[in-house]
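Visitor: mind looking at a prediction? Sequence and model below.
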Number of protein chains: 2
Amino acid sequence: MGWLDIFRARKPEGGSTATAAKERLQIVLAHERVSRTREDFLPKLQQELVAVVARYVSIDPGKVAVNLDRGGDMSTLAIEIELPGPKVAVAR
Amino acid sequence: MGWLDIFRARKPEGGSTATAAKERLQIVLAHERVSRTREDFLPKLQQELVAVVARYVSIDPGKVAVNLDRGGDMSTLAIEIELPGPKVAVAR
């Protein structure tokens, strides 16, 4: 199962095309640790990653959802950004 | 199913703890587009994201695997970075 399938399968429930037709960028990081000596740097990465994305597309800080999940040997950081709809093309 | 479960389920096959005990960071981006007017910026993001991670942990460019997958309405970019093992703690 490739990532395309995983993300398609995770589309929001009740996603009739009208309500689900939002432009979105999802970023998921998984840090698999072998030992505890490695510091968990995911929380620090979060701001910088959103700043990098903001260089390519305008981001409304209110439309950024973050979820940090810490397991024993693995932590995941999920960032979901709803992007502004595309500019309406001017009819020629 | 949370991301922790998804990433755990995707551990490499034949992963007896000895061979799988590598420190890894996986970054997956999924860009869901509503229309074609938005430019696909994932390929450009790739270098910058690895550069951001490299500020927190040393990265061997030879240990960075990238996979870009383009569907009609969605593109995914998966970056897998094998991290150097933790420094062996000096016995006091």
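Guide: Now that the structure is in, tell me what you want to look at.
Visitor: and stretch A:50-70, how far out from the chain's middle?
Guide: Relative to the chain's own centre, stretch A:50-70 is displaced by 7 Å; criterion: C-alpha atoms, centre = their mean, to the nearest Å.
Visitor: mean confidence for it?
Guide: The pLDDT scores in stretch A:50-70 average 91.
Visitor: is it in proximity to chain B?
Guide: Yes: using C-beta under 8 Å from any C-beta of the partner chain, stretch A:50-70 comes into contact with chain B via A:52-53, A:55-57, A:67, A:69. For glycine as for every other residue, the C-beta is placed from the backbone atoms N, C-alpha and C.
Visitor: what segments of chain A are helices?
Guide: Using DSSP state H, the helices of chain A run over A:3-9, A:17-20, A:42-54.
Visitor: helices or strands up against the last one?
Guide: If you count contacts as 3 or more C-beta pairs under 8 Å, 6 or more residues apart in numbering or on different chains; DSSP states H and E, helix A:42-54 packs onto strand A:23-32, strand A:64-70, strand A:74-83, helix B:42-54.
Visitor: centroid-nearest residue for chain A?
Guide: A:Q26 (2.5 Å; C-alpha atoms, centre = their mean).
Visitor: which residues does that residue contact?
Guide: A:7, A:78-81, B:28-30, B:32 (C-beta atoms under 8 Å, 6 or more residues apart in numbering or on different chains).
Visitor: which among these count as buried?
Guide: Among those, those classed as buried by 16 or more other C-beta atoms under 10 Å in any protein chain shown are A:7, A:78-79, A:81, B:28-30, B:32.
Visitor: now, which of those sits nearest A:D40?
Guide: A:A78 (15.0 Å; C-beta to C-beta).
Visitor: still on that earlier bit, which strand residues bridge the residue nearest to the centre of chain A?
Guide: A:E80, B:A30 (DSSP bridges).
Visitor: and the nearest residue to A:K44 once chain neighbours are set aside, what does it touch?
Guide: Excluding the flanking residues, the one nearest A:K44 by C-beta to C-beta, 6 or more residues apart in numbering or on different chains is B:Y56, at 6.4 Å. Contacts for B:Y56 (C-beta under 8 Å, 6+ apart) come out as A:41, A:44-45.
Visitor: and for A:F41, the neighbour number?
Guide: 17 (other C-beta atoms under 10 Å in any protein chain shown).
Visitor: ok, A:A9 to chain B distance?
Guide: Applying C-beta to the nearest C-beta, to the nearest Å, the value for A:A9 to chain B is 9 Å.
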